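Trainee: Provide a 3D model corresponding to the input given below.
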Amino acid sequence: MSAHMQEFERVDRRRARARLLTVAAVLAGIAAWAVLPFGIVLLTRGEAAGWALVVTGVVLVAACAAAIVAAVRSRVVPQSLPGKANPVFDEPQPSKNPVGGYSTAGMHLGSH
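Mentor: Numbers count the residues shown, from 1 in each chain. As a prediction, this is how the structure comes out:
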């Protein structure tokens with residue numbers, strides 16, 4: 001398999017993982033939205049089942065947030081891995097063109 005096909009499959013798997021995590025986040029959010037208020041209402045009535053629903057709702061909210069963060073992180077993975085530093089990157093190099101333009105140093109254009 002060529003390197004291009006391997007890269008394509010890797011990107012495709014990352015996109016599929018992001019879609020799956022997004023769907024999981026939406027489902028967990030909807031479930032938390034349905035369970036948590038009902039648990040709070042049961043707690044105000046003094047029923048013990050309300051505690052179980054509130055705990056379940058809080059866990060679902062946490063799962064929704066975790067799925068959102070994981071989806072965003074898997075979507076913005078850098079395209080390349082970091083490598084060895086290039087030693088000449090930080091060294092200035094003079095221009096290879098000896099003929100300057102209108103902003104040549106020493107012409108004092110715009111300094112008055």
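Trainee: which residues sit against stretch 52-66?
Mentor: Here stretch 52-66 makes contact (CB atoms under 8 Å, 6 or more residues apart in numbering) with 24-25, 28-29, 31-32, 35-40, 42-43. From N, CA and C alone the C-beta is placed, and that goes for glycine too.
Trainee: Could you tell me which of those residues belong to helices?
Mentor: Among the contacts of stretch 52-66, the members found in helices (DSSP state H) are 24-25, 28-29, 31-32, 35-40, 42-43.
Trainee: Sort out which one of the residues you listed lies nearest E9 for me.
Mentor: Of all the ones in helices among the contacts of stretch 52-66, A24 has the smallest distance to E9: 22.2 Å, by CB to CB.
Trainee: show me what contacts the closest one?
Mentor: Residues near A24 by CB under 8 Å, 6+ apart: A63, A67.
Trainee: sec struct for V61, please.
Mentor: Here V61 takes the helix state, with states given by DSSP: H, G, I helix; E, B strand; the rest coil.
Trainee: From F89, how far off is it?
Mentor: V61 sits 45 Å away from F89, going by CB to CB, to the nearest Å.
Trainee: Also Q6?
Mentor: For Q6, the distance to F89 - CB to CB - is 28 Å.
Trainee: who has more neighbours, these two?
Mentor: Q6 (10 against 6; other CB atoms under 10 Å).
Trainee: Now do the helix or strand that one falls within, average pLDDT.
Mentor: Taking DSSP states H and E as the definition, one finds Q6 inside helix 3-44. Helix 3-44 carries an average pLDDT of 90.
Trainee: mind checking how far that helix is from the chain centre?
Mentor: Average the C-alpha atoms of helix 3-44, do the same for its chain, and the two points are 14 Å apart (CA atoms, centre = their mean, to the nearest Å).
Trainee: Restrict stretch 23-39 to CA atoms and write it as PDB.
Mentor: C-alpha atoms of stretch 23-39 as PDB (Å, rounded to 0.1, in the frame of the first residue of the first chain):
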ATOM      1  CA  VAL A  23     -22.800  11.600  17.900                       C
ATOM      2  CA  ALA A  24     -22.000  10.200  21.400                       C
ATOM      3  CA  ALA A  25     -21.800  13.800  22.800                       C
ATOM      4  CA  VAL A  26     -25.200  14.700  21.300                       C
ATOM      5  CA  LEU A  27     -26.800  11.500  22.600                       C
ATOM      6  CA  ALA A  28     -25.300  12.000  26.100                       C
ATOM      7  CA  GLY A  29     -26.500  15.600  26.100                       C
ATOM      8  CA  ILE A  30     -30.000  14.700  25.200                       C
ATOM      9  CA  ALA A  31     -30.100  11.900  27.800                       C
ATOM     10  CA  ALA A  32     -28.800  14.300  30.500                       C
ATOM     11  CA  TRP A  33     -31.400  16.900  29.400                       C
ATOM     12  CA  ALA A  34     -34.100  14.300  29.800                       C
ATOM     13  CA  VAL A  35     -32.900  12.700  33.100                       C
ATOM     14  CA  LEU A  36     -31.500  15.500  35.200                       C
ATOM     15  CA  PRO A  37     -34.600  17.700  35.500                       C
ATOM     16  CA  PHE A  38     -36.800  14.800  36.200                       C
ATOM     17  CA  GLY A  39     -34.400  13.700  39.000                       C
END
